[in-house]
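Chemist: I'd like to go over a predicted model; first the sequence, then the structure.
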Amino acid sequence: MANQDLTDQDLKLINLAKATAKKYITERWEGDRISSVAACVRMKSGQVYCGPNIKHPHSSPSSLDAENTALAVAYANGEREAEVIIAYHYADEDHQGVVSPCGQCREFLRLFGDPQVIVEGEKGLEKRSLLELLPNSENF
């Protein structure tokens with residue numbers, strides 16, 4: 001995977017998201033082992049906040065995506081403008097990698113500006129503007 005336009009800070013953010021996802025893979029709900037997604041967001045202030053997904057095994061609408069968890073922590077700490085965000089899925093060493101935020105997470109992230117989102121592109125990892133990833137973004 002080539003890293004298109006990624007800085008050293010971005011690579012650290014990716015590694016932090018991976019480590020966070022691996023940390024929460026051991027969480028079990030009612031005995032079920034579940035894969036983990038973690039997101040890390042670097043705010044315009046330079047502060048970094050991370051959060052895991054919180055998956056309810058029997059009620060998907062009651063679950064929280066990792067991006068929303070990370071952003072909620074940032075918001076609770078007075079942050080309002082995101083610079084870069086990354087989401088990382090981890091099931092095991094053979095099943096892991098950067099994932100693109102879902103539509104609902106993209107809409108929520110828009111409340112924090114137009115940050116760069118690290119995604120898997122045609123030539124490897126790259127940063128894309130959130131507005132590039134949202135349909136009809138001129139309405140936001």
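Modeler: Looks like it came in fine. Numbering: from 1, shown residues only.

Chemist: Could you report the distance from Ala70 to Val41?
Modeler: Counting by Cβ to Cβ, to the nearest Å, the separation of Ala70 from Val41 is 5 Å. Using the backbone N, CA and C atoms, a C-beta is placed for each residue, glycine as well.

Chemist: intersection of neighbour lists for the two?
Modeler: Tyr49, Cys50, Ile85 (Cβ atoms under 8 Å, 6 or more residues apart in numbering).

Chemist: how about the last one, secondary structure?
Modeler: This means Ile85. At Ile85 the chain is in strand, as set by DSSP: H, G, I helix; E, B strand; the rest coil.

Chemist: For it, name its beta-bridge partners.
Modeler: With DSSP bridges applied, Ile85 shows beta-bridge pairing to Val41, Val117.

Chemist: quick one: contacts for it?
Modeler: Ala39, Cys40, Val41, Arg42, Glu67, Ala70, Pro101, Leu109, Pro115, Gln116, Val117, Ile118.

Chemist: Can you dump the C-alpha atoms of the helix or strand containing Leu131 in CSV for me?
Modeler: Assessed by DSSP states H and E, Leu131 sits inside helix 130-133. Output in CSV follows, covering the C-alpha atoms of helix 130-133 (Å, rounded to 0.1, in the frame of the first residue of the first chain):
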residue,chain,number,x,y,z
LEU,A,130,-15.0,15.0,3.7
LEU,A,131,-17.0,17.0,1.2
GLU,A,132,-15.6,14.8,-1.6
LEU,A,133,-17.1,11.8,0.2
